[in-house]
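> have a look at this fold, sequence not included:
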DNA sequence: CTCAATCGGACGGATATCGTCCGCTTGAGA
DNA sequence: TCTCAAGCGGACGATATCCGTCCGATTGAG
């Protein structure tokens, strides 16, 4: 019945290794990683990569899906926070961290959004709904300024990316937290300046 | 006497065209522009590009130097503002705009910093000094929170980059202004949260 | 009108990356 | 222990860029 019998133990382990290596590679070099580099980092040959995933694309999809799943979990945890503001700010910080730790996450997001797999589309929708809710709750408490939209929140979270991406800042640097902290302070009432123009358009996270 | 007599009129015009085309190319696609693309955008052949600049690198250097010069002018203008806070915030907004309009400016910066030409090093130093002064003046008025450093200011200005870079947001979008506005509000006293950790390290602008 | 300066773009050469192929190795059931 | 299907490694073919050069055709300017 089972057309694809459970794979051998080493095959399963190698699959995990490849995903792990891909995450690390994305983390330090963004999406422009070659299949060869990933395989080497995993201590495997490229042949194994392609046998396990069929396509480099498929491997990346698997990794991105994993990241999204984690973000969904984070969002859920933040939603249960009693303090709505803390829930929102924690999520922003975590989302920023995800961007910092996964250079090009936003790029993948944009790329994937062109032809989103059903799984990814589902996660994206869930995340956007979560951000919308977190935003609404924080605004209801009066701590989040009224002219900020959930799209602003998402874009703000990306601010951590450049710190890491553009300037080869040493990986250990935590400077991005300062920027996000400043942003969060700017998100709190009262705003000194009123935001103008339409909220930024964003697809994905 | 003049070893290099004044070039022909068409040669000069083509030089200008190439620089203009390069700026536009960088603006929309970042630094990964091929020499062929630039030449085509300028309505010229690659041969002309190489005859004018010798190297693709040299062309990029010329463009980046031009951008830095403009930023230096902007910084000077901001320094003369009577209102120190307005001077600082205007500069941040302009620097952010420069990043938005020149994807990869920060990347060039980082790359150039490896082997900075004397001209570029001079502009970089001037800009960093200007930011330091603008920061000090704004802090002296009490409007800029005390725990913010000039490095923070520079990093903040880069927040506009991702909006454009990662997500293929339509070029006309002005959403980045909202983010910078939020950041500027966060930079004002009083800060709700105190910044921790060392200020981010940055080379270049 | 002349010709040196300039131009255009095909082309050589180098690099990078994807995905395949096939001989060798190994996990795991009998 | 034995057997062999499943799995592995990495050289290799194919493809895609991209840089910078070269040379015949073109053109500005004296």
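Structure received. Worth saying up front: this structure is predicted, and the values here are computed from it rather than measured.
> low-scoring stretches of chain A, by residue?
Within chain A, the stretches with pLDDT under 70 are A:1-4, A:108-115, A:162-172.
> around DNA strand C, which positions in it sit nearby?
A:8-10, A:32-37, A:46-47, A:50-51, A:54-57 (C-beta under 7 Å from any atom of the strand). Heads up, the C-betas are built off the backbone N, CA and C, glycines and all.
> one more pass at 6 Å, please.
Chain A comes close to DNA strand C at residues A:8-10, A:34-36, A:46-47, A:50, A:55-56, as judged by C-beta under 6 Å from any atom of the strand.
> any chance of a markdown table for the residues you listed, columns distance to residue B:121 and secondary structure?
What follows is those, written out as a markdown table (distance: C-beta to C-beta, whole Å; DSSP: H, G, I helix; E, B strand; the rest coil):
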| residue | distance to residue B:121 | secondary structure |
| --- | --- | --- |
| A:8 | 58 | coil |
| A:9 | 57 | helix |
| A:10 | 54 | helix |
| A:34 | 34 | coil |
| A:35 | 39 | helix |
| A:36 | 37 | helix |
| A:46 | 42 | helix |
| A:47 | 48 | helix |
| A:50 | 46 | helix |
| A:55 | 45 | coil |
| A:56 | 40 | helix |
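> name the nearest of those residues relative to residue B:194.
residue A:34 (43.2 Å; C-beta to C-beta).
> burial of the closest one, as a residue count?
12 (other C-beta atoms under 10 Å in any protein chain shown).
> domain parsing of chain A, as residue ranges.
A:1-54, A:60-205 (automatic domain parsing).
> how far out from the middle of the chain is the last one?
Taking C-alpha atoms, centre = their mean, to the nearest Å, one finds the center of domain A:60-205 at 8 Å from the center of the full chain.
> and the contacts of the one helix or strand residue A:63 maps to?
Following DSSP states H and E, one finds residue A:63 within helix A:56-79. With contacts defined as C-beta atoms under 8 Å, 6 or more residues apart in numbering or on different chains, helix A:56-79 is touched by A:18-19, A:22-23, A:26, A:31, A:35, A:38, A:49-50, A:52-53, A:87-88, A:90-91, A:94-95, A:98, A:102, A:105, A:108-109, A:112, A:117, A:119-120, A:123-124, A:126-127, A:130-131, A:133-134, A:205.
> mind checking which of the residues you listed land in helices?
A:18-19, A:22-23, A:26, A:35, A:38, A:49-50, A:52-53, A:87-88, A:90-91, A:94-95, A:98, A:105, A:108-109, A:112, A:119-120, A:123-124, A:126-127, A:130-131, A:133-134 (DSSP state H).
> buried residues, stretch A:48-66. List them.
The neighbour-count criterion (16 or more other C-beta atoms under 10 Å in any protein chain shown) identifies A:48-49, A:52-53, A:56, A:59-65 as the buried residues of stretch A:48-66.
> how close does residue A:21 get to residue A:40?
As for residue A:21, its distance to residue A:40 is 8 Å (criterion: C-beta to C-beta, to the nearest Å).
> interface residues of chain A facing DNA strand D?
Close to DNA strand D, as judged by C-beta under 6 Å from any atom of the strand, chain A has residues A:7-8, A:10-11, A:14, A:44-48, A:51.
> turn those into TSV, columns for distance to residue B:148.
Below are those laid out as TSV (distance: C-beta to C-beta, whole Å):
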residue	distance to residue B:148
A:7	54
A:8	56
A:10	53
A:11	52
A:14	48
A:44	47
A:45	50
A:46	48
A:47	52
A:48	49
A:51	52
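> by neighbours, which of these wins?
residue A:14 (21 neighbours).
> quick one, what contacts the residue of chain A found nearest DNA strand D?
Nearest to DNA strand D, among the residues of chain A, is residue A:47, at 1.8 Å (C-beta to the nearest atom of the strand). By C-beta under 8 Å, 6+ apart, the contact set of residue A:47 is empty.
> that one and residue A:100, how far apart?
Residue A:47 is 33 Å from residue A:100, by C-beta to C-beta.
> surely residue A:135 touches residue A:156?
No. Counting by C-beta atoms under 8 Å, residue A:135 stays clear of residue A:156, with 11.1 Å between them.
> what residue in chain A comes nearest to DNA strand C?
Taking C-beta to the nearest atom of the strand, chain A has residue A:9 as its residue nearest DNA strand C, at 3.0 Å.
> tell me how many other residues surround that residue.
8.
> repeat that for residue A:70.
When neighbours are counted by other C-beta under 10 Å, residue A:70 comes out with 12.
> report the central residue of chain A.
In chain A, the centroid-proximal residue (C-alpha atoms, centre = their mean) is residue A:98; its distance is 4.7 Å.
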